[in-house]
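A.B. asks: Everything below, folded, please.
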Amino acid sequence: MKPLHRTIPLLFCLTAALLLVAACERGDAPRPTASPAGGAATAPVARAPYPTKEITLHVWDTAEQTKAELYRTVLIPEYKKLHPNVTVDYQSISTADLLQKLLATLTAGTGPEVFTLGDWFLPTYFDKKLLDPVSPEAFGYKSHADMIDGYIAGLLGPQTNNGVLYAVPIQMNAFSLFMNNRLFKEAGLDPQKDAPQSWEDVAQLSKKLTKRQGDRVVQKGFELRYTGDNWLAQMFHTFVYQAGGDVLRDGKPAFNNAAGLKALSLWKSLTLAPKVTQNTAASPYQDFAVEQDAMSFAGPNGGAVIEKINPKMAGNYTVVSLPQINPAQPKTMMYSFNLVVNTRIAPELKTVAWDFIAHAIKQPTVWMQRTRMINPVKGWTDTAEAKQVPYLSVFIHDLSIARPMARSQHFVELQSAIARAVDRVVLDNVEPKQSLDQAAADYTRAIANK
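C.D. replies: Residues are numbered from 1 along each chain as shown. Prediction:
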């Protein structure tokens, strides 16, 4: 059996919605700062002296074109003007290479000062003590508790360990459903009136929206995404949560039960032609962007990526909440990408690193306009700028019913076991229960050897 377009785990592709507003202006001296939503100023917060010698700050980020352009054309040039003595060496690295390079270099005592991590990998880095605690002063807060309180309640849980905040989100995602308006109308459907609420609805719509030329599928109504283990793990978590289950319980597999069986059986029923795809790890939304798929799932930033691939898609899609197994009890999964700092660097480099992170994420409107990435800082959704964001209420709703993926220091092994379970069912027609039992055994055996 060969996996479908598989890469190793994606430190990937938002979102709760609303980019962290650093409540302080960038500068060398502490100043009064405005609240993230533009409210009353807070008292000045003491900060470490900013270094004056020449410094190079290395930043390793996941590969996403819209985000890389924002860093290179706006954020880094702005920071250079503020601090001419600092050179930011920004690298946008394929997710597979980034994951491999990070653990190897950081464990060896080297590696970048600043890097991006998916929240599902944070427990591994907590365990290895590789992350520096967030400097709340850099963001205009007095303490970690104050900073956590500056975000929508409950959404910074994955970024904390034993009450200490170690990571700051640049995007938080929960999947929503994207529908191609033109393809819906061609099929005699209305993307608003006929929007699916359940996965059964999706399956029925998919039949109407799928086109074939002979035995060849040329247009698909809906398809799952097979470009990396991360995509399989994320959607599997989503289906298990919707089925009322857990992926892990007390660190042990809990997915090879009724909820897991329902999840994987649903997966099989939604699969159409997984090998008919132009999606890749670097471009996971390609099929929807080029109008091969009429429906797809993505986080808030998906629209920016889709429109960059195919500008004609701007205004040609509708976004609704993710379909459910039980629409009366909606549930879903969320994940985030976070900026963190290497704890093994010199104190002066930590000062610069946290200052740069605060600078990078203090403009939620710019991030939304350029990348559609959302960060859950309190108050931003009430601003005039936020109210201009298409489908923001949909994205916020899907985040409000979401929970993070399973917490594990062995998430790589968990992700791999889940992906192989899906492969067996989709590619080899193995019965879902048999495949899930094997995945549970694979994961248990893998972590026993750690």
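A.B. asks: got any ranges where this structure has weak pLDDT?
C.D. replies: 1-46, 96, 450 (pLDDT under 70).
A.B. asks: Domain parsing of it, as residue ranges.
C.D. replies: 55-174+335-404, 176-333+407-448 (automatic domain parsing).
A.B. asks: will you turn the ones you listed into CSV that also has mean neighbour count and distance to Pro49?
C.D. replies: To be clear about C-beta, it is placed using only N, CA and C from the backbone, and glycine gets the same treatment. Converted to CSV, those look like this (neighbours: other CB atoms under 10 Å; distance: least, CB to CB, whole Å):
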stretch, mean neighbour count, distance to Pro49
domain 55-174+335-404, 20, 8
domain 176-333+407-448, 19, 36
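A.B. asks: Next, format those as JSON lines and append distance to Ala48.
C.D. replies: Shown next, in JSON lines, are the domains of the chain (distance: least, CB to CB, whole Å):
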{"stretch": "domain 55-174+335-404", "distance to Ala48": "5"}
{"stretch": "domain 176-333+407-448", "distance to Ala48": "32"}
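A.B. asks: now for these, which one comes closest to Arg47?
C.D. replies: With CB to CB as the measure, domain 55-174+335-404 is the member of the domains of the chain nearest Arg47 (4.6 Å).
A.B. asks: Quick one: end-to-end distance for the closest one.
C.D. replies: End-to-end distance for domain 55-174+335-404: 37 Å, by CA to CA, to the nearest Å.
A.B. asks: roughly how far is that domain from the heart of the chain?
C.D. replies: Mean C-alpha position of domain 55-174+335-404 versus that of the full chain (CA atoms, centre = their mean, to the nearest Å) differs by 12 Å.
A.B. asks: mind starting the numbering at 11 from now?
C.D. replies: Let's use 11 as the start, then, which means that last one is domain 65-184+345-414.
A.B. asks: hey, where'd the strands end up in the stretch 161-310 of the chain?
C.D. replies: 170-171, 174-175, 178-184, 186-190, 221-223, 226-232, 258-259, 262-263, 303-308 (DSSP state E, counting those that start in this stretch).
A.B. asks: Of the ones you listed, which is nearest Leu140?
C.D. replies: strand 170-171 (11.7 Å).
A.B. asks: So which elements touch that closest one?
C.D. replies: If contacts are counted by 3 or more CB pairs under 8 Å, 6 or more residues apart in numbering; DSSP states H and E, strand 170-171 sits against helix 132-137.
A.B. asks: just checking, next helix/strand downstream of the helix it packs on?
C.D. replies: Stepping forward along the backbone from helix 132-137, the first helix or strand reached (DSSP states H and E) is helix 154-159.
A.B. asks: Report all helices and strands that that following helix contacts.
C.D. replies: Using 3+ CB pairs under 8 Å, 6+ apart: helix 154-159 touches strand 174-175.
A.B. asks: what does the strand it packs on rub up against?
C.D. replies: 143-144, 146, 154, 157-158, 166, 169 (CB atoms under 8 Å, 6 or more residues apart in numbering).
A.B. asks: Mind doing that once more with 7 Å?
C.D. replies: Residues outside strand 174-175 that contact it (CB atoms under 7 Å, 6 or more residues apart in numbering): 143-144, 154, 157-158, 166, 169.
A.B. asks: Now distance to Ala78 too, for those, in TSV please.
C.D. replies: Formatted as TSV, the contacts of strand 174-175 follow (distance: CB to CB, whole Å):
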residue	distance to Ala78
Pro143	27
Val144	24
His154	30
Met157	27
Ile158	29
Leu166	25
Gln169	23
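A.B. asks: Now do the contacts for the residue nearest to Asn348 when sequence neighbours are not counted.
C.D. replies: Nearest residue to Asn348, sequence neighbours excluded (CB to CB, 6 or more residues apart in numbering): Ala177, at 3.6 Å. Going by CB under 7 Å, 6+ apart, Ala177 touches 127, 132, 169, 348-350.
A.B. asks: Please repeat the previous calculation with a cut-off of 8 Å.
C.D. replies: Going by CB under 8 Å, 6+ apart, the list of residues near Ala177 reads 127, 129, 132, 141, 144, 169, 348-350.
A.B. asks: Against Arg417, how distant is it?
C.D. replies: Using CB to CB, to the nearest Å, Ala177 is found at 14 Å from Arg417.
A.B. asks: repeat for Leu258
C.D. replies: Leu258 sits 8 Å away from Arg417, going by CB to CB.
A.B. asks: if we can go back for a sec, what two of the contacts of Ala177 have the greatest distance between them?
C.D. replies: Farthest pair in the contacts of Ala177, by CB to CB: Asp129 and Val144, 14.0 Å.
A.B. asks: Look at stretch 407-416 and report the distance between its end residues.
C.D. replies: End-to-end distance for stretch 407-416: 21 Å, by CA to CA.
A.B. asks: Please name the nearest non-neighbouring residue to Thr62.
C.D. replies: Asn95 (6.1 Å).
A.B. asks: Next: Asn183.
C.D. replies: Excluding the flanking residues, the one nearest Asn183 by CB to CB, 6+ apart is Gly309, at 3.0 Å.
A.B. asks: these two touch, right, Ala431 and Asp447?
C.D. replies: No. Ala431 lies out of contact with Asp447 (CB atoms under 8 Å); the separation is 9.1 Å.
A.B. asks: Surely Lys90 is in contact with Asp99?
C.D. replies: No. With contact defined as CB under 8 Å, Lys90 and Asp99 do not form a contacting pair (11.9 Å).
A.B. asks: Quick check: what element follows the longest strand seen in the chain along the chain?
C.D. replies: As assigned by DSSP state E, the longest strand anywhere in the chain is strand 342-351. Downstream of strand 342-351, the next assigned helix or strand under DSSP H and E is helix 357-370.
A.B. asks: among the strands of the stretch 161-310 of the chain, which is nearest Pro321?
C.D. replies: Closest of the strands of the stretch 161-310 of the chain to Pro321 is strand 186-190, at 14.6 Å (criterion: CB to CB).
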